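Q: Sequence and predicted model, in that order:
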Amino acid sequence: MTATQQPPRDKDGRLTPAPPEWTTRPAPPFPEAAIKGLENQVQRANLRHATGTIRAKRARVVAEVDNWQDLRAAGEAIKNRTLRHLDQHLETLEASLTRAGATVHWARDAADANRLIVDLVKATGEREVTKVKSMVTQEIGMNEALEEAGIAAWETDLAELIVQLGHDFPSHILVPAIHRNRGEIREIFREEMGVYGTPAPEGLSEQPPELAGAARTHLRNKFLRTKVAISGANFAVAETGTLVVVESEGNGRMNLTLPETLISVVGIEKVLPTVADLEVFLRLLPRSSTGERMNPYTSMWSGPTEGDGPQNVHVILLDNGRTNALKDPKGREALRCIRCSACLNICPVYERVGGHAYGSVYPGPIGAILNPQLRGVDNPIDKSLPFASSLCGACAEVCPVKIPIADLLVHERHRVVEEKKRHQVNQFEPAMMKAASWVMADHKHLEAAGTASSLAGKLLPIRTIGPLPGPLSRWTQNRDVPMVPAQTFRQWWQENRGSKENHDERA
Ligand code: SF4
């Protein structure tokens, strides 16, 4: 396609597949969205299988490394040190990139970044771009911003391609199409590939090599004709101005080498001070994410190299809420995240409800703390996310940079409660808390409350309590509550383990 040609449009007049309808209106808060996820039996089976497989692989390769805990501590220390002096490292990064011939831009928020990207693409005269898989471009809604500006953005990562062609939304950081099985992928390829480019071959089966072959042929045409590529970066090394992308398929490398113009959008927390720091993260990341000892492709670049690769290199350094997170001495720990997704794969809540329930591009435990940090807690989705966890702590155990996710969830819950108190209209919860604190304050109160409730247990001939009215309904709408026992623990102890005197002595 030449620069003056317009890319074709589908029957709805769009250049690229429309995202699902539910993403274009405000997402429901987690408790509501989670019910939908729980009801999706196919998705639950797909997720159980996929997360179980990745979990086992990760555990195997992590166990091979004798000093794994030291590596985690090193990753944590490097990130903490870098975040403390982020301003200085960013300035060094800008100077290094500029010296290497790249043009550096700064973006305060998503709108800023998208404006810059649209202008940069339009300046090339092109109307099509290819993309390296990148969470940050999803965070800013870049594909839709480009579509509105008349520019088609094509995902080239296999899983992202499945999501895009399926008019779907990613549900996992690393495996965006984790909720889809082979049969669904074959149908998507057969129905959609031909609308937006090279069609799937006749008689395409569900076999992975055939599906991968269809994707390769479809993408090859796009790689060969597209002159602008857009990427993110896993890391950005300040001392040398080196951006790093790690991947498994090699499609990223095609984007980083074939086009004439390369635009990279980088969250400001991706900075590492030195090349030596990379050594730690290139060992931590692949084992934690895909369960591989080393990722198959690691691409590094700075500015342009004459006669080789993109000749126009732009880097957009994006804030989009990150400096807000930095201000919170506890909450800033979430910025250490290297997006490995180990916390998603081990989370029992994520495994059952799926990624869409979190209403954001960052699902799972990290999404539950990162979104409120980046976006605040004054909207229904982000307010609900810190409660989207059982606080079992499994996520913190596997996190390669030792983010205390459960502690941060509690921290965010506190922020939500404080925010709620400022706009308090409902007096029910404070009254409940006051009553609970009176009961807990004195053992005699607790004993009296226990006796009263056991009386109810004796009088009512039921085993479970059904839906309760009013504010209590939120507690009982999705679970059976067992009836209070007819005997308190103290009464049982007295009867079975000794006299009242003994009991009082022990107490
Ligand atoms: S919070 Fe930790 S485990 Fe989760 S994605 Fe980030 S680095 Fe990985």
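A: Structure received. Remember, predicted model here, so these are calculated numbers, not experimental data.
Q: Could you use CA atoms for every contact and neighbour count after this?
A: Fine.
Q: how about the residues of the chain near the ligand?
A: Contacts of the chain with the ligand, taken as CA under 6 Å from any ligand atom, map to 337-343, 366, 398-401, 403.
Q: want to try a markdown table for these, with pLDDT and distance to Ala200 as columns?
A: Listed next are the residues of the chain next to the ligand as a markdown table, based on pLDDT from 0 to 100; distance: CA to CA, whole Å:
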| residue | pLDDT | distance to Ala200 |
| --- | --- | --- |
| Cys337 | 98 | 37 |
| Ile338 | 98 | 35 |
| Arg339 | 97 | 32 |
| Cys340 | 97 | 31 |
| Ser341 | 97 | 31 |
| Ala342 | 98 | 33 |
| Cys343 | 98 | 35 |
| Ile366 | 97 | 36 |
| Val398 | 98 | 39 |
| Cys399 | 98 | 39 |
| Pro400 | 98 | 39 |
| Val401 | 98 | 41 |
| Ile403 | 98 | 43 |
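Q: Kindly reformat these as CSV containing neighbour count.
A: Formatted as CSV, the entries for the residues of the chain next to the ligand read as follows, by neighbours: other CA atoms under 10 Å:
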residue, neighbour count
Cys337, 19
Ile338, 21
Arg339, 18
Cys340, 20
Ser341, 26
Ala342, 30
Cys343, 27
Ile366, 26
Val398, 22
Cys399, 23
Pro400, 30
Val401, 27
Ile403, 21
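Q: Helices - which of these land there?
A: Assignment to helices by DSSP state H places the following of the residues of the chain next to the ligand there: Ala342, Cys343, Ile366, Val398.
Q: dump the residue contacts of the last one.
A: Taking CA atoms under 8 Å, 6 or more residues apart in numbering as the definition of contact, the neighbours of Val398 are Ser288, Ala342, Cys343.
Q: And the third one, by the same measure?
A: Neighbour list for Ile366: Ala334, Cys337, Cys343, Leu344, Ile405 [criterion: CA under 8 Å, 6+ apart].
Q: tell me which of the residues you listed is nearest to Ala276?
A: Using CA to CA, Cys337 is the member of those that sits closest to Ala276, with 18.8 Å.
Q: For the closest one, give me its contacts.
A: With contact taken as CA under 8 Å, 6+ apart, Cys337 is in contact with Ile366, Val401, Ile403.
Q: The stretch 201-350 of the chain: helices as residue ranges?
A: Ranges of helices in the stretch 201-350 of the chain, per DSSP state H, counting those that start in this stretch, are 208-225, 251-257, 275-289, 322-327, 342-346, 348-353.
Q: how about the contacts of Ile366, which pair is most distant?
A: When the contacts of Ile366 are compared pair by pair using CA to CA, the farthest-apart members prove to be Ala334 and Leu344, with a separation of 14.5 Å.
Q: Which one's more surrounded, the two?
A: For Ala334 versus Leu344, neighbours defined as other CA atoms under 10 Å are more numerous around Leu344 (28 against 24).
Q: Identify the residue spatially nearest to the more buried one, adjacent ones excluded.
A: On the basis of CA to CA, 6 or more residues apart in numbering, the spatially nearest residue to Leu344 that is not a chain neighbour turns out to be Gly364, at 5.0 Å.
Q: any idea how far that neighbour lies from Trp22?
A: Between Gly364 and Trp22 the distance is 19 Å, computed by CA to CA, to the nearest Å.
Q: higher neighbour count, those two?
A: In terms of neighbours (other CA under 10 Å), Gly364 is the more surrounded of Gly364 and Trp22; the figures are 34 against 12.
Q: from what I can see the more buried one touches Ala342, true?
A: No: if you go by CA atoms under 8 Å, Gly364 and Ala342 don't touch, sitting 9.8 Å apart.
Q: Now for the two: what residues contact both?
A: Shared contacts of Gly364 and Ala342, counting by CA under 8 Å, 6+ apart, come down to nothing at all.
Q: Other residues contacting the helix or strand harbouring Asp112?
A: Remark: Asp112 resides in helix 110-124, with elements defined by DSSP states H and E. Contacts to helix 110-124, defined as CA under 8 Å, 6+ apart, come from residues 106-107, 127, 139-142, 145-146, 149, 228, 263, 316, 318, 320.
Q: What of stretch 126-146?
A: 2-4, 6-7, 109-111, 113-114, 118, 121, 150-157, 160, 173, 222-223, 226-233, 251-252, 255, 265-267, 360-361.
Q: one more time with 6 Å
A: The list of residues contacting stretch 126-146 from outside it, by CA atoms under 6 Å, 6 or more residues apart in numbering, reads 3, 110, 151-157, 226, 228-232, 252.
Q: Please compute how far that stretch lies from its chain's middle.
A: Put simply, stretch 126-146 sits 17 Å off its chain's centre (CA atoms, centre = their mean, to the nearest Å).
Q: Ala153 looks like it's in a strand, true?
A: Yes: Ala153 forms part of a strand when assessed by DSSP: H, G, I helix; E, B strand; the rest coil.
Q: Now for the ones in helices among the residues of the chain next to the ligand: which two are most distant?
A: Greatest spatial distance among those (CA to CA): Ile366 and Val398, at 12.1 Å.
Q: tell me which element the closest residue to Thr240 other than its chain neighbours falls in.
A: Leaving aside its sequence neighbours, Thr240 sits nearest to Ser96 (CA to CA, 6+ apart; 5.6 Å). Following DSSP H and E, one finds Ser96 within helix 86-99.
Q: what do you get for Ser384?
A: helix 380-384.
Q: Low-confidence ranges, the chain, go.
A: Counting by pLDDT under 70, the chain contains low-confidence ranges at 1-6, 424-427, 471, 474-475, 478, 499-507.
Q: Over to Asn143. Which of the three states is it?
A: Secondary structure, three-state DSSP: Asn143 is helix.
Q: hang on, the earlier thing: please identify the most buried of the helices of the stretch 201-350 of the chain.
A: The highest average neighbour count among these, using mean count of other CA atoms under 10 Å, belongs to helix 342-346 at a mean of 27.
Q: Mind giving me the packing neighbours of that helix?
A: Taking 3 or more CA pairs under 6 Å, 6 or more residues apart in numbering; DSSP states H and E as contact, there are no helices or strands that helix 342-346 lies on.
Q: CA atoms only: put that helix into CSV for me.
A: Once non-C-alpha atoms are left out, helix 342-346 reads as follows in CSV (Å, rounded to 0.1, in the frame of the first residue of the first chain):
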residue,chain,number,x,y,z
ALA,A,342,2.9,-14.9,38.0
CYS,A,343,0.5,-13.4,40.5
LEU,A,344,-2.4,-13.9,38.0
ASN,A,345,-1.5,-17.5,37.4
ILE,A,346,-1.5,-18.4,41.1
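Q: which other residues reach it?
A: Here helix 342-346 has contacts from Thr51, Ser288, Ser289, Gly364, Cys395, using CA under 6 Å, 6+ apart.
Q: what sits against the first one?
A: With contacts defined as CA under 6 Å, 6+ apart, the neighbours of Thr51 are Asn345.
Q: re earlier: between the very next helix or strand once past the helix holding Ser96 and helix 110-124, how big is the angle?
A: Reading on from helix 86-99 to the C-terminus, the next helix or strand found by DSSP H and E is strand 103-107. What separates the directions of strand 103-107 and helix 110-124 is an angle of 150 degrees, with axes from the mean of the first three to the mean of the last three CA atoms, to 10 degrees.
Q: so what's Ala486 up against?
A: Contacts for Ala486 were tallied using CA under 6 Å, 6+ apart; they are Ser454, Gly457, Lys458.
Q: ok so it is a helix residue?
A: No: according to three-state DSSP, the state of Ala486 is coil, so it is not within a helix.
Q: Let's have the residues of the chain next to the ligand in TSV, adding distance to Arg293.
A: As requested, the residues of the chain next to the ligand are exported to TSV (distance: CA to CA, whole Å):
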residue	distance to Arg293
Cys337	20
Ile338	17
Arg339	17
Cys340	14
Ser341	16
Ala342	15
Cys343	18
Ile366	23
Val398	16
Cys399	16
Pro400	14
Val401	17
Ile403	22
